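Asker: Sequence isn't available, so here's the structure alone:
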Ligand code: CA
């Protein structure tokens with residue numbers, strides 16, 4: 001750990017990789033009233049409290065102390081605000097200070113304005129913790145910094161729990177659709193620095209500065225720092241565990257797309273497989289076709305965990321117990337069977353992409369009971385693979401195609417932003433000549449997508465583990481975007497590299513039926529942030545995290561998933577390789593009657 005000693009009267013530059021304590025000390029030093037006080041004060045390993053700066057004064061005070069910062073607003077928000085994506089009735093946010101602005105503004109090679117846009121929400125009743133809310137998709141928007149623990153239906157969030165929460169656009173702004181059609185979220189890929197900021201540098205730069213801003217407002221630095229996100233936000237968490245171990249005490253990574261460029265190659269693989277069934281991809285499988293598959297998985301696999309309850313907890317045994325071939329029609333296609341070309345398409349998709357030499361380009365995918373989920377939103381299997389909310393296209397086509405071309409390929413591949421052109425770009429994607437572009441760099445784009453998007457050495461978390469930090473990862477078994485098998489493979493390799501002791505600092509929770517960060521016939525409502533805090537700060541290892549099915553609010557959850565006394569089904573989420581097992585007595589909808597056990 002670097003020390004922060006003997007401060008001088010010249011303004012200290014931001015160290016490129018400061019330790020937590022150094023950053024905290026530096027932050028506090030910059031909010032001291034005068035440099036003379038610093039020179040006279042003995043070196044302190046931990047920042048001493050300073051005079052807090054009131055919310056309304058931050059706009060004036062911070063730019064005087066932090067270079068290249070433009071504050072766009074600092075406003076007290078009274079208690080009572082509700083957040084739309086949370087549970088019904090939505091809980092009310094506590095009184096807090098909302099600070100928003102942009103750091104390091106610059107003009108890109110495309111002449112567009114760039115900078116690290118951010119928002120900090122700092123509760124009046126602060127728990128002395130700092131949380132980075134890592135956002136999803138292609139970033140590009142400063143999502144309000146509430147720190148919602150679960151994307152949909154959360155009953156609590158980090159702000160309510162007293163965290164100061166940071167959100168950022170990761171260095172670029174989405175271009176309005178009237179200028180870019182469906183490419184607005186990915187055109188930043190033409191600017192080399194914007195790519196790096198999206199990948200990891202925005203957080204690397206902004207996090208220590210945000211800690212200084214928090215310290216200024218409260219008059220003391222955060223005692224603990226966390227990160228939390230799902231999807232691309234889960235990727236940010238995985239990257240931070242490897243690159244920014246010095247900044248964080250705990251990281252919660254949901255459905256992590258930590259091999260996002262490889263997953264984008266899968267998008268092309270899927271669209272080509274589905275197009276062989278029907279060029280109108282949404283017609284390749286009807287909702288009832290996929291419900292047929294899900295029902296067949298349940299028939300083959302539900303009881304492998306010892307209880308027929310509509311959930312496949314033993315998803316590993318399921319992969320050899322379930323076979324798709326018997327679903328093939330013997331004669332005419334009906335609702336009770338799949339055509340031969342449909343069966344082949346699913347086999348190809350679940351096997352994952354390969355090039356003509358047979359080399360695997362991403363991961364394979366497990367059969368699970370959540371593949372029939374069909375809500376048209378940003379979570380369900382159907383919306384990602386077949387029919388989503390944008391132009392009736394699967395999200396992997398409407399949004400994923402642009403990412404693959406503009407952000408993950410080097411050099412960027414220009415396509416137009418019409419729905420048809422984007423789908424066509426995936427249909428003509430060549431797995432021998434186009435797929436290697438995710439590993440390519442050139443004189444303008446010095447880092448490949450696989451370099452800037454993924455953890456540099458994903459199974460080496462020694463620095464993170466050594467400082468006592470903890471990583472919790474959860475992943476839906478029916479995630480249609482990022483394969484849970486990719487995450488399981490990562491954890492197995494991590495555990496091997498750490499001599500079978502990875503669970504001391506990193507745990508993976510696989511959630512049966514769960515789709516992408518939300519939904520599916522699953523228990524998708526839980527508070528893993530509190531479990532993480534208890535692990536980090538109290539040493540309470542999260543051997544199980546109780547989760548609830550959102551009966552009524554999640555259309556994929558059967559209405560009979562309720563206890564005899566009317567409570568929604570609960571289940572323990574178990575650290576892999578453990579799975580939830582019925583203890584043999586008591587209400588099967590009450591998670592207290594289940595234990596976590598390895599199969
Ligand atoms: Ca079961």
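Answerer: Cool, the structure landed. Predicted model, so just to flag it, every value in this text is computed and none were measured.
Asker: where does this structure come near the ion, residue by residue?
Answerer: Listed as neighbours of the ion in the chain under the rule C-beta under 5 Å from the ion: 302, 305, 307, 309, 311. Quick note: C-beta positions are derived from backbone N, CA and C, even for glycine.
Asker: By neighbour count, which of the residues you listed wins?
Answerer: Counting neighbours by other C-beta atoms under 10 Å, residue 311 leads the residues of the chain next to the ion with 28 neighbours.
Asker: pLDDT weak spots in this structure?
Answerer: When residues are selected by pLDDT under 70, those of the chain lie in 1-47, 150-152.
Asker: Can you give me the domain boundaries for it?
Answerer: The chain breaks down into these domains under automatic domain parsing: 37-222, 262-450.
Asker: hmm, back to that, out of the residues of the chain next to the ion, which comes closest to residue 286?
Answerer: Residue 286 lies nearest to residue 302 out of the residues of the chain next to the ion, by C-beta to C-beta, at 23.2 Å.
Asker: which residue sits closest to that closest one, ignoring its sequence neighbours?
Answerer: Spatial nearest neighbour of residue 302, chain neighbours left out: residue 308 (4.8 Å); criterion: C-beta to C-beta, 6 or more residues apart in numbering.
Asker: Make sure the one you found is actually in contact with residue 299.
Answerer: No. The criterion here is C-beta atoms under 8 Å, and residue 308 misses it with residue 299 at 9.4 Å.
Asker: Spatially nearest residue to the residue in the stretch 401-550 of the chain positioned nearest to the ion (excluding sequence neighbours)?
Answerer: Closest to the ion within the stretch 401-550 of the chain is residue 512: 7.8 Å, counting by C-beta to the ion. Excluding the flanking residues, the one nearest residue 512 by C-beta to C-beta, 6+ apart is residue 311, at 4.7 Å.
Asker: so which strand or helix has that neighbour?
Answerer: Secondary structure from DSSP states H and E places residue 311 outside every helix and strand.
Asker: could you pull out the strands for the chain?
Answerer: 69-77, 96-107, 113-123, 129-134, 164-168, 224-230, 250-254, 470-476, 506-511, 545-548, 570-573, 579-582, 594-597 (DSSP state E).
Asker: Check the offset of the fourth one from the chain's centre.
Answerer: The one in question is strand 129-134. Relative to its parent chain, strand 129-134 has a centroid offset of 13 Å by C-alpha atoms, centre = their mean, to the nearest Å.
Asker: what's that strand in contact with?
Answerer: For strand 129-134, contacts defined as C-beta atoms under 8 Å, 6 or more residues apart in numbering pick out 143, 145-148, 158, 162-167, 203, 207, 210-211, 214, 222-229, 232-237, 240, 248, 529, 533.
Asker: which stretches of the stretch 201-350 of the chain form helices?
Answerer: 202-218, 232-243, 260-277, 287-301, 315-321, 340-351 (DSSP state H, counting those that start in this stretch).
Asker: what about residue 88, distance to residue 154?
Answerer: When distance is defined by C-beta to C-beta, to the nearest Å, residue 88 is 11 Å away from residue 154.
Asker: of those two, who's got more company?
Answerer: Counted by other C-beta under 10 Å, residue 88 and residue 154 do not tie: residue 154 has more neighbours, with 24 against 9.
Asker: Next, count neighbours for the nearest residue to residue 552 once chain neighbours are set aside.
Answerer: Using C-beta to C-beta, 6+ apart and skipping the chain neighbours, the partner closest in space to residue 552 is residue 559 (7.6 Å). Residue 559 has 7 neighbouring residues, counting by other C-beta under 10 Å.
Asker: One more: the one 3 residues further on?
Answerer: With neighbours defined by other C-beta under 10 Å, the count for residue 562 comes to 18.
Asker: hang on, residue 147 packs against residue 154?
Answerer: No. In this structure, residue 147 is not within contact of residue 154 by C-beta under 8 Å, at 9.5 Å.
Asker: what's across from residue 82 in the sheet?
Answerer: residue 92 (DSSP bridges).
Asker: For burial, what's the neighbour tally of it?
Answerer: Neighbours around residue 82, by other C-beta under 10 Å: 10.
Asker: unless I'm mixing things up, residue 431 is touching residue 354, no?
Answerer: Yes. Using C-beta under 8 Å, residue 431 is in contact with residue 354, at 7.1 Å.
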